[in-house]
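Participant: Sequence first, predicted model second:
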Amino acid sequence: MAFKRSPLPRSFATGGRLTSDLVSVGFLFAAEPSKDEPNVEFTLVAASIEGLKGDYRTLSLLVDWIPIHFDQVNVDLLVKIVKELSDKKVQAFWSSVGEWQKKDPRLKKLSRIYRGPRIPIQEMKLIRFPLNRDGEDPRFSATKLVVPGRILRHRPTDIADSKYVAQHHLAYRHRLIIGPSYRADMWAALESDPNLTPSELARKCYGSFSTAWNVRKDWQVIRGLAT
């Protein structure tokens with residue numbers, strides 16, 4: 001039986017590190033982007049974890065980021081990460097994203113991760129009044145997460161465009177060219193470190209060894225042409 005590698009990182013970014021990682025993927029915080037390019041999917045999940053703990057500024061920006069940039073998300077990796085989380089509210093959030101963005105056929109698996117009852121973003125006794133006053137956030141009204149209408153502000157101008165992100169994130173740039181895949185991330189990783197072996201490449205980008213082998217072989221062909 002083949003060894004199954006967990007898609008979860010040792011820990012998710014928090015604090016200043018998370019802020020810098022989010023700047024790297026297009027959140028317009030007053031901070032410098034990370035020096036070490038962050039994994040897109042880990043960064044998004046880290047933002048959702050912190051946001052659902054009560055950092056609604058980050059969560060609101062994450063919700064605004066999704067319709068702008070979600071075409072460049074590796075949904076296969078995102079699903080694998082969210083499936084292994086123990087936090088049901090975070091799972092409900094990402095299932096709700098799948099339900100909200102249901103026009104994207106890639107998101108069916110994401111929408112099915114959490115199958116339990118609806119979960120309020122805060123304790124129901126805390127949100128009952130704003131729910132009665134404002135109703136539900138229309139982005140989540142038909143999903144697994146109960147969100148009052150004004151708790152997550154809507155300011156898409158606080159999210160950078162694809163050109164900005166491509167300038168600060170090499171893997172994102174390759175996803176624009178190749179598509180949101182392990183292959184794109186591996187190609188970007190080889191441009192940053194040409195000495196990566198297929199095994200190292202597979203571990204770094206959370207893809208399969210066979211994909212890493214083929215990417216390295218193809219990359220060497222293109223590199224030879226450029227030389």
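Facilitator: Sure thing, it's come through.
Participant: Quick one: list the elements packing against the helix ranked longest in the chain.
Facilitator: Among the segments of the chain that qualify as a helix by DSSP state H, the longest is helix 209-226. Other elements packing on helix 209-226 under the criterion 3 or more C-beta pairs under 8 Å, 6 or more residues apart in numbering; DSSP states H and E are helix 182-192, helix 198-205. (C-beta placed from N, C-alpha, C; glycine too.)
Participant: okay, those, which one's buried deepest?
Facilitator: Per residue and on average, the most neighbours among the helices and strands packed on helix 209-226 fall to helix 182-192, with a mean of 21 (mean count of other C-beta atoms under 10 Å).
Participant: Pretty sure residue 13 sits against residue 39.
Facilitator: No. Assessed by C-beta atoms under 8 Å, residue 13 is found out of contact with residue 39, at 9.8 Å.
Participant: where exactly do the helices run in this protein?
Facilitator: Going by DSSP H, the chain shows helices at 15-24, 40-52, 56-69, 75-84, 88-100, 108-111, 124-134, 162-168, 170-178, 182-192, 198-205, 209-226.
Participant: pLDDT weak spots in this structure?
Facilitator: 1-6, 227 (pLDDT under 70).
Participant: Walk me through the domains of it.
Facilitator: 15-158, 162-226 (automatic domain parsing).
Participant: any chance of these in a markdown table, with distance to residue 7 too?
Facilitator: A markdown table is the format used below for the domains of the chain (distance: least, C-beta to C-beta, whole Å):
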| stretch | distance to residue 7 |
| --- | --- |
| domain 15-158 | 4 |
| domain 162-226 | 6 |
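Participant: Only alpha carbons, please: show stretch 61-71 as PDB.
Facilitator: Presented in PDB, the C-alpha positions along stretch 61-71 are these (Å, rounded to 0.1, in the frame of the first residue of the first chain):
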ATOM      1  CA  LEU A  61     -11.700  40.100   3.300                       C
ATOM      2  CA  LEU A  62     -11.400  36.300   2.700                       C
ATOM      3  CA  VAL A  63     -15.100  36.300   1.600                       C
ATOM      4  CA  ASP A  64     -14.400  39.200  -0.700                       C
ATOM      5  CA  TRP A  65     -11.200  37.500  -2.000                       C
ATOM      6  CA  ILE A  66     -13.100  34.400  -3.100                       C
ATOM      7  CA  PRO A  67     -15.200  35.600  -6.100                       C
ATOM      8  CA  ILE A  68     -12.200  37.600  -7.300                       C
ATOM      9  CA  HIS A  69      -9.500  34.900  -7.200                       C
ATOM     10  CA  PHE A  70     -11.100  31.500  -6.600                       C
ATOM     11  CA  ASP A  71     -10.500  30.500 -10.200                       C
END
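Participant: So which bits of that stretch are buried?
Facilitator: 61-66, 69-70 (16 or more other C-beta atoms under 10 Å).
Participant: likewise stretch 71-78?
Facilitator: 72-78.
Participant: so which two of the residues you listed are the farthest from each other?
Facilitator: Maximum pairwise distance among the buried residues of stretch 71-78 (C-beta to C-beta): 13.3 Å, between 72 and 76.
Participant: how far away is residue 212 from residue 182?
Facilitator: 8 Å (C-beta to C-beta, to the nearest Å).
Participant: Give me the common contacts of these two.
Facilitator: Shared contacts of residue 212 and residue 182 (C-beta atoms under 8 Å, 6 or more residues apart in numbering): residue 205.
Participant: Which residue is the nearest non-sequential neighbour of residue 8?
Facilitator: Leaving out its chain neighbours, the residue that sits closest to residue 8 by C-beta to C-beta, 6 or more residues apart in numbering is residue 84, at 5.2 Å.
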